[in-house]
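Student: Sequence plus predicted model, see below.
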Amino acid sequence: MYFKRIDIQGFKSFAEPVSIEFHEGITCIVGPNGSGKSNIADALRWVLGEQSPKMLRGGKMEEVIFAGTANRKSRGMAEVTLTIDNTSQFLPIDYSEVAITRRMYRSGESGYFINKVPCRLRDIRELIMDTGIGVDGYSIIGQGRIADILSDKPEDRREIFEEAAGIVKYRNKKEESERKLEASQANLDRVNDIVGEIESRIDGLREESEKAKEYLELRERYKNVEVNITLKNIENIELKNEYIKDDISELTNRIEESKGQKESIDADIAVNRARNEELEALSNTGRDRLLTLVEEINTLTNQNQLRNEKLSAIEKDRERLQAELESFNLRREKEEGNAAEFAVTLEKIKKEYESLKLAEEEKGKEVARLEAEVAKAQALIDSNKDKIYEFFSKVSEKKGEINSLRNLKETLTKRREQISSESEDQDTAGINLQEEYKKALASRDEVEKTLRQQEQESLQLKSTYSNAQSREKLVAHELNERKVSIGQLAARLKMIEEMESAYEGYNEAVKFIMRSGQEGLHGVVADLIRVPKGFERAIETALGASLQNIVCRDDRDAQNAIRLLKSNRVGRLTFLPLSSIKPSGGGSSHQFANEAGFKGFGVDCVEFDSKYKRVMDYLLSRVVIVEKLDDAVRMSKLQGTGGLRFVSLDGDVVNASGAITGGAYRNKTAGLLERKAEAKELEDKLHRLQQEQKQLAAELEDLAVSLEQGRKQIEAIDSKHRETEMELLSRENELSRMSASLSDLEDSKAKRYRELSSLENEERSAAAMIEELQQTVTQMEQQIAEAEMAAERAMESSASIKKELDEARESLTQTRLSTGAAAGERNNAEQILKRIQGYIEEYTEEAERRKEALVALEAEKDGLFMDDEERMRLLAEKEDEKVDIEESVRKATEEKQLITRYLNEIQEKRESLDNVLSGWQTDKHELELKLAKNETQVEGYKEKLWEDFEISYLQAMDFQKRDFVMSAAVRESREIKNRMKELGEVNIGSIKEYESVSERYEFLTAQRDDLLAAMDSLVQIIEDMDRTIKKSFKESFDQVVVNFEQSFQSLFGGGVAELRLEDESRPLETGIDIVVQPPGKKLQNINLLSGGEKTLTAIALMFAILKTKPTPFCILDEVEAALDEINIDRFASYLRDFKEIQFALVTHQKATMEYADVLYGVTMPERGISKIISLKLGDEIDL
């Protein structure tokens, strides 16, 4: 294996891409100080994974990216690729050539690649581990590395020895095994804790489980017997019900028959009562009519005397009205004649007025039209005069400009002809060459543009690829973290759930009652509330032991539970019956609403089911939650706070009595709420992490696809980029040749061309301006003539129109006077006619009123004569009617008396029937009640089947026995019940709980055995690793000791050198001392040597290590800088002994350069930019 080349781009001072080929033998990299030659060693160290900016002679890692100069922009990326020939398969990878690439962007994103395939830094380190070419190995040695070897601390020298011994990978595996062992121990401790807890419970659970199984068998027998007893009771009751139903049916028939008779009697009574009421109404109506007839007869007799007096008055009124009617008719006829005459006159006046008005409007329009034409003509005259004056001024100005431009043009033409004559020969010679250069330049620009586009595209693709790669690592890391977190959270949640189901943390009485299966129990107070975050301590303190109170259905359930506790002697408990618990009256939030630190009453600071409201009021309605103890003390002194207890969020209490309790403590009940809060928090976190895990897994799949596509795109664009670079280099060479040819011509002709071009432009500009000005003058002269003619025509037209305007105005005035006179006459005539028409209407209305009055008098007179005859006829009719009505009243009275007697008789018969019917209905109702009671009893038995045994009546029929004996069944039921009572309290859940705990115990025991086996295996691996490491290190160290003595004597020309372990009993941890004796000196520690002796000693140790375990490549960065020429010569000649190792030396020592097979010169022709010059041995060097 050997290094083929290193490609550097954008790294430190290497702004442009450079490639350094490594050959067999010794390669020297030379150059003046500050030229950037050590940057090559830094690039090699960086690409192999160096993570310390300090080791790269920087402060921050981003400083390795080219930062720019005064003339160059900074780079956005640094990239180094090391290509290694792996034909010998020295590296454990199936490639004959391995390219390791590291890339970093200024944004901080970075990436690693092996043969252009993205990888991790760990992959690169594992690939080169124990080869000596890593950043911690001995293949890259500079003055800093020499300092490590010569360090005052012997422990700092171990790394290079361990790398040489090839134990780094074993040590890494050992450390990984130790980490696994620690994790396994932590898991074992956790499993042991759980197993210990289970072992303390499992025996008790076994006994409870066996007891519960017996109880279930007895309960099944008891169910069978009780079901049969219940079915027999139902059967007996249903038989009784059949007899009752028959009796009810018979009574129902009798009642229905009696009701029919009663309805017939009621109908007869109704008919006779209706007739009786009809006769009563007829009798009353007849009496009322008799009274009315008497009054009417008296009235008709008195009316004859008044008739004669009215006839005399009517005749006098008729004569007066007839005379007034004739007078009004004569007046109306006279006014109608006057109105007809005035109407004819008014019509003539109106026609004359309309004719004059029309004529006035026509003449007014004509005057307005003529006035507008006069104004228009005058405006046209004024406009043309202004134009004529303006055009004369401009024409004069333009003619002056034309004369000046003609003189200038003649001067320019003479100078241009002179220059053209002088440069004609030179122009002819340079035109063809210039055209060729332009074409070549355009071609070069196009290639360069293509290259820039490819670079930009490559950068974008690589940046995108690197981002995706970084994101892939991040997502993979995050996904792994989510998986680990989910496993940990799930294990913790499961343990808490198991503790909750086992009532861990509660006292024995609570555990016993909650496991007993006692009916009517709702749960422990701690299980029935949900406490918001931050309020746990306050609620724990406020409730205290009440957290373990048990809420039950009613007093009976509480009494049963207490009896159970007493009989089993397991302790005491407080029970809170929902049916009888009485809330303690609390305060109002309004009284503290404006108080600082007030959080609310205790009952308002917890969440619970509404059915527990009374219980929570009882426990917490008189507890006030505040923020701090100071707030509690202050509020307790407010008016109206008697009987309230104030609790701070930290658990400090101010009691109603004034006593204050506080401090720091932890009790058992505090853990109950914390455990519930932790379980809720774990569930939320677990759900969130599972969602994030799904999202990250999907994103990781998408990133894998994107990375593969990106890699192919990068390979394609890089290939195109290399082809374009070669083409650009060819274009640049061609341009350089043509540029040199054109340079002389351009220098001598530039001035003439510039002047000639300027003259031609000025001449063309002058000619164009003259032409433009001449056209402008011609146009203006034409416009002047047109304006003069237009003005003359406008003046003639204006005079004619003014004359017509005067005549029209005179005619309009005359017409307006005539119109005014006609309007006056029309108005007078209309007023007179209106007044005459008013008289006519008044006389007509008066005549009509007189006519109506005469008609009314005649009608009144006729009515008096007609009323006399009618009155006599009516009087006779009413006398006859009176006699008839008196007879009908007598008959109705007699019939009514007969009907009344009949109704009294039939009513007595109906009352007798009612008494019989009522007796039968009472008997029926009593039977129905008895039937309903029996049916209710049957339903009660059926409900009992469901409530006691959870089976329906139909399902119970499957349990029915044919040979059932009631007395034996009752006796058997009593015996079973007594045995169940002897068993005492039974925890039915203990059966499944025991099975679950047993299964978990077996699982955890097996898991513990697996962990112990794995730990034993890890301990064995660590011991094997220690033996391997110790053996390898001892063998390698002993060989280095021998080789060090040899290399020391070769470099120093004699002397003694030793390597010693500080503590040979701890070869894997102890430091390494270096003790040497240069020729002519005493044996002493290396720290007492001179600077040159120290360096040469360190080099001797380096050679000893290389001889012990040769590395394929070694770069030495000015390690010989402190040596004199004699020692440099020894050092360089010693390098020739390592023919199987490639050496790259960064140096500026001439003695070292003489031993080089290849020289690379690093120069800085542009400040801040390093460039490489390659020289093989035998080449002429021109520095």
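Tutor: Sure thing, it's come through.
Student: can we go C-alpha only for contacts and neighbour counts from here?
Tutor: Noted.
Student: Run a quick neighbour tally on Val938.
Tutor: Neighbours of Val938 under the rule other Cα atoms under 10 Å: 20.
Student: Can you say which helix or strand has it in it?
Tutor: helix 668-949 (DSSP states H and E).
Student: The stretch 401-550 of the chain: strands as residue ranges?
Tutor: Taking DSSP state E, counting those that start in this stretch as the test, the strands found in the stretch 401-550 of the chain are 521-524, 550-552.
Student: looking at these, which is buried most?
Tutor: strand 550-552 (a mean of 23; mean count of other Cα atoms under 10 Å).
Student: partners of that one in the sheet?
Tutor: Looking at strand 550-552 with DSSP bridges, its partner strands are strand 521-524 (antiparallel), strand 575-577 (parallel).
Student: nearest to Ser800, of those strands?
Tutor: strand 521-524 (120.6 Å; Cα to Cα).
Student: Which residues does the closest one contact?
Tutor: With contacts defined as Cα atoms under 8 Å, 6 or more residues apart in numbering, strand 521-524 is touched by 510, 514, 547-553, 557.
Student: Measure how far it is from the centre of its chain, please.
Tutor: 40 Å (Cα atoms, centre = their mean, to the nearest Å).
Student: ditto for stretch 644-656
Tutor: 41 Å.
Student: And the contacts of it?
Tutor: Contacts for stretch 644-656 (Cα under 8 Å, 6+ apart): 534-538, 540-542, 586-587, 622-629, 631-633, 636, 642-643, 660-663.
Student: among those, which are in strands?
Tutor: Counting by DSSP state E, these place 623-626, 660-661 in strands.
Student: Can you tell me which of the residues you listed are classed as buried?
Tutor: Neighbour-count burial (16 or more other Cα atoms under 10 Å) is assigned, among the ones in strands among the contacts of stretch 644-656, to 623-626, 660.
Student: re earlier: among the strands paired with strand 550-552, which gets the worst mean confidence?
Tutor: Lowest mean pLDDT of the strands paired with strand 550-552: strand 521-524, a mean of 89.
Student: Export the strands paired with strand 550-552 as a markdown table, with columns for distance to Val615.
Tutor: Shown next, in a markdown table, are the strands paired with strand 550-552 (distance: least, Cα to Cα, whole Å):
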| stretch | distance to Val615 |
| --- | --- |
| strand 521-524 | 12 |
| strand 575-577 | 7 |
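Student: Reduced to three states, what does Gly108 come out as?
Tutor: Look at Gly108: counting by DSSP: H, G, I helix; E, B strand; the rest coil, its state is coil.
Student: How about it: what's its closest non-neighbour residue?
Tutor: Distances taken as Cα to Cα, 6 or more residues apart in numbering put Glu62 closest to Gly108, at 6.9 Å, once the chain neighbours are dropped.
Student: try Arg572
Tutor: Of all residues not flanking Arg572 in the chain, Ala509 sits nearest, at 6.4 Å (Cα to Cα, 6+ apart).
Student: Tell me if I'm right that that neighbour and Leu565 touch.
Tutor: Yes: when contacts are counted by Cα atoms under 8 Å, Ala509 is listed as touching Leu565 (7.1 Å).
Student: Overlap of the contact sets of these two?
Tutor: In contact with both Ala509 and Leu565: 571-572, using Cα under 8 Å, 6+ apart.
Student: Now Ile991. Nearest residue, chain neighbours left out?
Tutor: Ser209 (4.5 Å).
Student: any idea of the mean pLDDT for the helix or strand harbouring the one you found?
Tutor: Take DSSP H and E as the rule and Ser209 turns out to sit in helix 168-302. The average pLDDT within helix 168-302 is 79.
Student: for it, the distance to its chain's centre please.
Tutor: 50 Å.
Student: Now do it against helix 668-949, angle only.
Tutor: 60 degrees (axes from the mean of the first three to the mean of the last three Cα atoms, to 10 degrees).
Student: and helix 168-302, what other elements does it pack with?
Tutor: helix 668-949, helix 966-983, helix 989-1052 (3 or more Cα pairs under 8 Å, 6 or more residues apart in numbering; DSSP states H and E).
Student: lowest-pLDDT helix or strand in this structure?
Tutor: In the chain, the helix or strand scored least confidently by mean pLDDT, DSSP states H and E is helix 143-149, which has a mean of 61.
Student: that older thread, can you pull the contacts of the residue nearest to Arg572?
Tutor: By Cα under 8 Å, 6+ apart, the residues touching Ala509 are 565, 570-573.
Student: Equivalent analysis for Gly68, please.
Tutor: Contacts for Gly68 (Cα under 8 Å, 6+ apart) come out as 15, 74-75, 1168.
Student: Kindly report the domain assignment for this structure.
Tutor: Domain ranges of the chain: 1-139+1118-1124+1142-1183, 506-669, per automatic domain parsing.
Student: nearest to Lys882, of the ones you listed?
Tutor: Among the domains of the chain, the nearest to Lys882 by Cα to Cα is domain 506-669 (86.5 Å).
Student: and Lys73, how far is that from Ala67?
Tutor: 8 Å (Cα to Cα, to the nearest Å).
Student: the more surrounded of the two?
Tutor: Neighbour count, other Cα under 10 Å: between Lys73 and Ala67, Ala67 has more, with 19 against 11.
Student: picking that back up, could you dump the contacts of Gly68 to JSON lines with neighbour count, distance to Ser463 and secondary structure?
Tutor: Formatted as JSON lines, the contacts of Gly68 follow (neighbours: other Cα atoms under 10 Å; distance: Cα to Cα, whole Å; DSSP: H, G, I helix; E, B strand; the rest coil):
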{"residue": "Ala15", "neighbour count": "24", "distance to Ser463": "18", "secondary structure": "coil"}
{"residue": "Ser74", "neighbour count": "15", "distance to Ser463": "16", "secondary structure": "coil"}
{"residue": "Arg75", "neighbour count": "18", "distance to Ser463": "13", "secondary structure": "coil"}
{"residue": "Gly1168", "neighbour count": "20", "distance to Ser463": "25", "secondary structure": "coil"}
